[in-house]
Each structure stands twice: as C-alpha cells, then as structure tokens.
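sequence first, then the predicted structure, then my questions.
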Amino acid sequence: MTKANPFRFSTKYQDDETDLLYYGYRYEKDGRWLSRDPIGEKGGMNLYAFVGGDPLNRIDPIGLLKFEGCSPARQTQIEKDFKDFCNKVDTTAKSAFRCCVNHFNIPDRLKSKCNRGNELTIKCEQASTGSCNGACGWSLPGGSVIHLCPDQWTNPGCGDVGCTLLHEMTHQIGHGTEKWPRIVEKCLGCP
C-alpha cells in the first residue's frame, strides 16, 4: 500500500506514526501545541536569528562579513565593495584578472576567500595604532581579521575599500611582502 505524501500544501494532516496533528508548521497533540507560536512572541529571544548575520541586531544584508567597530554606513560600504571586488576575481582560465596577476594560484585562493566571507572579520580601527601608521589597512598571513585604518577613509591614495580588502586578503593567503598584494591591486584597477 502506498502512503500519501504528507508534504503537500495542505495546512493540516495527521501523522500516523506519531499520532501528531501537523498544522501550519506546528504540531498539536490532544488539543495542545507542542511548540510555541512565534507570532505571539514579544521581545526576548529572537526565534529567527542566524549566526553571524542576525538582521535584527547586526547590519549584514548578505550574511557574509563580521564587523567590529564599524558604523552601519561603513558596514554597508564595505559589503558593497567586498561584493564588487570579489566579482572582479574571476577564476576562469581566460580571465583578465588571472592573466594580469600571472600567478598559478592567487586568483583561485582569493576567489575561495571571497566565497567564504563569513570567515572574515573586518575591524575598523578608531585611532591610528602602531600598525596603522600611514597604512590603509593591515592583516597577517593565515589570519582572518582585516584591520581597516583611519587613513582608509581620509587618504585618497587608499582608493576603494575593495582595493584594501583584496590587498589584505592576498596577505592572508600567505604573501607577507607587498609584491603580490600590489600586483593584485593593479589588476583590480586600484590606484
């Protein structure tokens, strides 16, 4: 005997195995709901929160980047530039970016980092630190935090935030000197 598919657009069905009444995403037994109705929740716990991109408490519409010390306006700008500049890093063999960089794995590794943006934290430094002296940003090889320095927002030589992000991501994938990050910037059309 073939059992009817219980997953249909009907709002109500009886589960024969558990004897539960399934009704509009909730289960009922003996006239009682087994789960709380999220519509009735007022304040308190956010039942629809998601890790690293809670839209009620954080500004992260594409759910990728984590931020520390960045204003909502800066977060929006950083996310836009991150998306725009990551789109320029194309991993196809005939890519203009790949040909320009002329390195066997930098384009692939940057694309991989772009696709795993949820592993990155962007920290907006509020005052110039010893590591920020005259720099647009900094990060460490193998790291997951990109520090954006105050000069990023005031020095026209820093260019778009996306230039700094991809420059620092090149450091993170293991290129500690400035040679390859500068080539990446040039190939992205940064100043």
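That came through fine.

in this protein, which spans are helices?
For the chain, the helices defined by DSSP state H cover 72-88, 96-101, 106-115, 151-154, 161-172, 179-187.

buried residues in the second one?
Same thing as helix 96-101. For helix 96-101, a neighbour-count test (16 or more other CB atoms under 10 Å) marks 97-98, 101 as buried. In this view, the C-beta of every residue, glycine as well, is placed from N, C-alpha and C.

which of these sits closest to residue 162?
residue 97 (12.9 Å; CB to CB).

tell me the domain ranges of the chain?
10-48, 66-187 (automatic domain parsing).

same list, those domains, but as TSV with mean pLDDT please.
Converted to TSV, the domains of the chain look like this (pLDDT from 0 to 100):
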stretch	mean pLDDT
domain 10-48	56
domain 66-187	89
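
pick the most buried one from the ones you listed.
For those, the stretch with the most neighbours on average is domain 66-187, a mean of 17; neighbours defined as mean count of other CB atoms under 10 Å.

what about that domain, start to end distance?
Start to finish, the residues bounding domain 66-187 are 26 Å apart (CA to CA, to the nearest Å).

stretch 127-136 too?
Distance between the two ends of stretch 127-136: 12 Å, counting by CA to CA.
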